[in-house]
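J.: Sequence and predicted model, in that order:
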Amino acid sequence: MVGSRSKLLTFVLHASVMGMLIWLFVLFLYKDSHAVRHRYFFQPFVTDANQIPEERSLSNDGGRKHRGKTVKEIGNLQESVVQYSSINKDKFPIIKNALRNYFLYVNDSKTASSYKATVLAFVHNQKSGGTTLKRCLSEILEYQNKEPVLVTNANRAAVEEKILNGVSESKPNDVFVGAATFGICENLAPTTCAYFTILRDPYERMISHYMFCRNGGETGLQCHNSTIEEYAISIGSLLFTHITAHMLCKKSCVSPNDDCENGTDGSAWRCERLYSSIYDVRRRSVLGYVIKNLDRFFAVIGLFEEYETSLALFQETFGLPLSDVCNGIHANEGTYPDVQGSNEDIGQQRRRYIDEMKRKLKANDTVRNNIEADVKIYERAREIFYKQKQIYIQTRS
């Protein structure tokens, strides 16, 4: 009996020790994962922990003063809008000062009128008709003795500083344009602000960007000695990056000769898209949140494939004569090889070339993985677009 009791006590003691060790091990893993989550989360151009820059404090001695406010010292970097792996409104504050989709959420004339007297931020998704739209906006604003404010990765911090310091005070119908505009509205509160954009099939956008580069449209890009697949892999999901990521150009210039810091490299696609496996689950979580809230981020979404209809939707939403003025204006039209003959022949040859390029891109697993985010955003954007179009047609019939 005594022996059995002794064995029982020994067993309980061993079990308690093992339980304690397991508890300590789980605690260690939790602390480690917690540190990883907050230190590494969604720094897409950094793959080595030693490359991650220290975060500057937002206190008075760690940031720049702006009317008693401070802003993170971001230099030429686009400020991140994603900070945590658990995504919700409180931890994704970028949506706090953005008017929701005009066609899906506005049901009364009073609310509708607020869209006609708001600051606008056009998010330029390159090679999707954005340069044409920016030119048109310039023509319209010229009659008001205004001009759109260009926001790039190189000047984003300077633009924000002017706003926060009161040097640049935005008024209704002011317009920000550029690839780095997403997030600018947060600095304008309580003035209302509305994002809008034009999107394009990500594969066709990539092909157009590739040909634009090869024909001298962009300097310093890795396209002249690259296949279309290599180029697509190097660029990745450009729109998703514009919406969510730090632009850590200083840490990942394509070429040692690129002057990222001084702004000669102001484009997101010039930065490498190198994702560590640690980002994958969180990246998918962020992507899901972006897709779910796309109609809350953008007041109206246009499609390159339905450009004229998109202009009409923009005009209806904001009251600017975009459809009246912009139809027929074209800028930065793509140039494709071995395309000649009548306009009809050229169109058919161009279509065949694009279709062949798309087949090559879709056949590459790495390409599909790298631009998956933009594909999913585009699919959701198409759904939203055709709902907008349907409502627009119904209201005019």
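T.: Sure, I can see it.

J.: which residues of the stretch 251-397 of the chain fall in helices?
T.: Assigned by DSSP state H, counting those that start in this stretch, the stretch 251-397 of the chain shows helices spanning 280-292, 294-297, 307-318, 322-326, 343-362, 365-370, 372-396.

J.: May I see those organised as a markdown table, with distance to residue 186 added?
T.: C-beta here means a position set from N, CA and C on the backbone, and glycine is covered the same way. As requested, the helices of the stretch 251-397 of the chain are exported to a markdown table (distance: least, CB to CB, whole Å):
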| stretch | distance to residue 186 |
| --- | --- |
| helix 280-292 | 16 |
| helix 294-297 | 12 |
| helix 307-318 | 20 |
| helix 322-326 | 25 |
| helix 343-362 | 35 |
| helix 365-370 | 29 |
| helix 372-396 | 21 |
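
J.: out of these, nearest to residue 183?
T.: Evaluated over the helices of the stretch 251-397 of the chain, closeness to residue 183 peaks at helix 294-297, with 10.4 Å, by CB to CB.

J.: Quick check: mean pLDDT of that closest one?
T.: What helix 294-297 shows for mean pLDDT is 95.

J.: which sections of the stretch 101-250 of the chain are below the confidence cut-off?
T.: By pLDDT under 70, the weakly predicted segments of the stretch 101-250 of the chain are 167-170, 172, 216-222, 245-250.

J.: Strands of that one, residue ranges please.
T.: Using DSSP state E, counting those that start in this stretch, the strands assigned to the stretch 101-250 of the chain run over residues 119-123, 149-150, 175-178, 193-199.

J.: quick one, the longest one and helix 372-396 angle?
T.: Think strand 193-199. Angle, strand 193-199 to helix 372-396, by axes from the mean of the first three to the mean of the last three CA atoms, to 10 degrees: 110 degrees.

J.: In its sheet, which strands sit next to strand 193-199, and in what direction?
T.: Applying DSSP bridges, strand 193-199 is found paired with strand 119-123 (parallel), strand 298-303 (parallel).

J.: Give me the contacts around the shortest one.
T.: When you say that, I think you mean strand 119-123. Identification of contacts with strand 119-123 by CB atoms under 8 Å, 6 or more residues apart in numbering yields 130, 133-134, 137, 148, 151, 170-179, 181-182, 184-185, 188, 191-197, 242-243, 298, 318.

J.: ok so, going back, turn the strands paired with strand 193-199 into TSV, columns for distance to residue 358 and mean neighbour count.
T.: Formatted as TSV, the strands paired with strand 193-199 follow (distance: least, CB to CB, whole Å; neighbours: other CB atoms under 10 Å):
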stretch	distance to residue 358	mean neighbour count
strand 119-123	24	25
strand 298-303	17	26
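
J.: Just put those strands in TSV and tack on distance to residue 328.
T.: Output for these, formatted as TSV (distance: least, CB to CB, whole Å):
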stretch	distance to residue 328
strand 119-123	19
strand 298-303	16
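
J.: do you know which of those strands lies nearest residue 99?
T.: For the strands paired with strand 193-199, proximity to residue 99 was assessed by CB to CB; strand 298-303 is nearest, at 4.6 Å.

J.: So which residues make contact with the closest one?
T.: Here strand 298-303 makes contact (CB under 8 Å, 6+ apart) with 98-103, 115, 123, 129, 194-200, 294, 309-311, 313-314, 317-318, 381-382, 384-385, 388.

J.: Check stretch 364-373 too.
T.: 202-203, 206, 229, 232-233, 235-237, 239-240, 273, 283, 287, 361-362.

J.: ok, back up a step: so among the contacts of strand 119-123, which ones count as buried?
T.: For these, a burial check counting by 16 or more other CB atoms under 10 Å picks out 130, 133-134, 137, 148, 151, 170, 173-179, 181-182, 184-185, 188, 191-197, 242-243, 298, 318.

J.: if we can go back for a sec, looking at the helices of the stretch 251-397 of the chain, which is nearest to residue 166?
T.: Nearest to residue 166 among these is helix 307-318; the distance by CB to CB comes to 25.4 Å.

J.: sorry, back to before: which of the contacts of stretch 364-373 sits closest to residue 163?
T.: When the contacts of stretch 364-373 are ranked by distance to residue 163 (CB to CB), residue 239 comes first, at 24.1 Å.

J.: residue contacts, the closest one?
T.: Contact analysis of residue 239 by CB under 8 Å, 6+ apart lists 125, 199, 202, 373, 374, 377, 378.

J.: and what of residue 375?
T.: Here residue 375 is in contact with 202, 203 (criterion: CB under 8 Å, 6+ apart).

J.: so who does residue 171 touch?
T.: Contacts of residue 171 by CB under 8 Å, 6+ apart are 119, 191.

J.: ok, back up a step: next, format the strands of the stretch 101-250 of the chain as JSON lines and append distance to residue 348.
T.: Shown next, in JSON lines, are the strands of the stretch 101-250 of the chain (distance: least, CB to CB, whole Å):
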{"stretch": "strand 119-123", "distance to residue 348": "32"}
{"stretch": "strand 149-150", "distance to residue 348": "37"}
{"stretch": "strand 175-178", "distance to residue 348": "34"}
{"stretch": "strand 193-199", "distance to residue 348": "25"}
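
J.: Look up how far residue 187 lies from residue 133.
T.: 23 Å (CB to CB, to the nearest Å).

J.: returning to that earlier point: is it possible to export the contacts of residue 239 to a markdown table including distance to residue 349 and neighbour count?
T.: What follows is the contacts of residue 239, written out as a markdown table (distance: CB to CB, whole Å; neighbours: other CB atoms under 10 Å):
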| residue | distance to residue 349 | neighbour count |
| --- | --- | --- |
| 125 | 26 | 24 |
| 199 | 25 | 28 |
| 202 | 22 | 25 |
| 373 | 31 | 24 |
| 374 | 26 | 27 |
| 377 | 30 | 21 |
| 378 | 25 | 23 |
